[in-house]
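>>> I would like to see how this sequence folds:
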Amino acid sequence: MADPVRRVLLLDLDGTLCLGDGPALRYAEGVDALLVARGMQPDVFADVLEFVSLPASEHAVRYADSPLRDAQDPWVATLWLARRHGLTPADLEPAFLASRAALERDEFDLHADPELVDLLRHRPPDVRVVLGTNSPDVGMARLLTRLGVDDLLDDVRTSQRKHTPEGMPRLLAHIQREYRVTTNQLLSVGDNWPNDLAPVTAAGGSTAYVDRFGHTELPADLRSDTVAGLVPGIRHWLAGEPASTPSTVKERQ
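Okay, the predicted model is just below:
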């Protein structure tokens, strides 16, 4: 009989498990193509490229008077810029799906953080790892194999719609049922605070924030501007050790 699950690590995909801006920039290119077809002069790709290229220390000044200051990742930045031009989420769906379909053709320079991969490979046997992403199934199996993590995930949950009020709560409920755990046995790791972390905090779980763009005002148990910077704290949490430095996740059990 298998040992009971002690802890669950919930990972986001883009910007967390999968690093590289290629898919989001392809999405921005698709938005520009939609705008050209409507007779507009697009600038979404250029704006998103600048967004991801600026150091975090410059974001607060560059976007002080822009809605992009609150954008958590290049996907959200693209969405907001598209809305500025009058496009709706329904208009954008083909561009989004095309960016994901390109994963099947290995068109992007993508990788997983090697320290995170090592942590997943050598995690304690009573820890489960769940991938929860808004991305659809298309291209997912190939991507996970390319990242070298296809055999390290216990569950892959696609099309989760974490940006909606019911998205993350539904995913958390699934995890609780599947692994017979409570939310205080869960750590969510992600780069989109409203989608990946805020609902988990509200439910009593722990959070690790890939704060790439300098949103220091948003609370998280563990924070770094890189995935690698989170790994030591995640390792402490998975081992059940109490926090001993400000960089480790607060022990809640």
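>>> count of residues packed around Tyr179?
18 (other Cβ atoms under 10 Å). Placement of C-beta: from N, CA and C, glycine included.
>>> meant to ask about Asn195, not that
24.
>>> list the contacts for it?
Taking Cβ atoms under 8 Å, 6 or more residues apart in numbering, we find Asn195 in contact with Asp12, Gln72, Asn134, Lys162, His163, Gly167, Met168.
>>> next one: Arg7
Pro124, Asp126, Val127, Arg128, Val181, Gln185, Leu186, Leu187, Trp237, Leu238, Gly240.
>>> and the gap between Asp70 and Gly15?
Remark: distance between Asp70 and Gly15 (Cβ to Cβ, to the nearest Å) = 16 Å.
>>> these two - which one has more neighbours?
More neighbours surround Gly15 than the other of Asp70 and Gly15, with 21 against 15 (other Cβ under 10 Å).
>>> how far away is that one from Gly205?
19 Å.
>>> Gly148 now?
Gly148 sits 27 Å away from Gly205, going by Cβ to Cβ.
>>> quick one, which of the two is more surrounded?
Gly205 (23 against 14).
>>> need the per-residue pLDDT for Glu241.
Glu241 carries a pLDDT value of 67.
>>> for the spatially closest residue to Ala220 that is not a sequence neighbour, phi and psi?
Excluding its sequence neighbours, the residue lying closest to Ala220 (Cβ to Cβ, 6 or more residues apart in numbering) is Tyr209, at 3.6 Å. For Tyr209, the backbone dihedrals (degrees, to the nearest 10) come out as phi -110, psi 120.
>>> what sits against Tyr209?
If you count contacts by Cβ under 8 Å, 6+ apart, then Tyr209 has Gly190, Asp191, Trp193, Leu197, His215, Leu218, Ala220, Leu222, Arg223, Ser224 around it.
>>> who wins for neighbours among these?
Gly190 (29 neighbours).
>>> separation between that residue and Gln160?
Where Gln160 is concerned, Gly190 sits at a distance of 12 Å (Cβ to Cβ).
>>> now do Ala202
The value you get for Ala202 to Gln160, if Cβ to Cβ is used, is 17 Å.
>>> okay, these two: which has more neighbours?
Higher neighbour count among Ala202 and Gln160: Gln160, with 20 against 12, using other Cβ under 10 Å.
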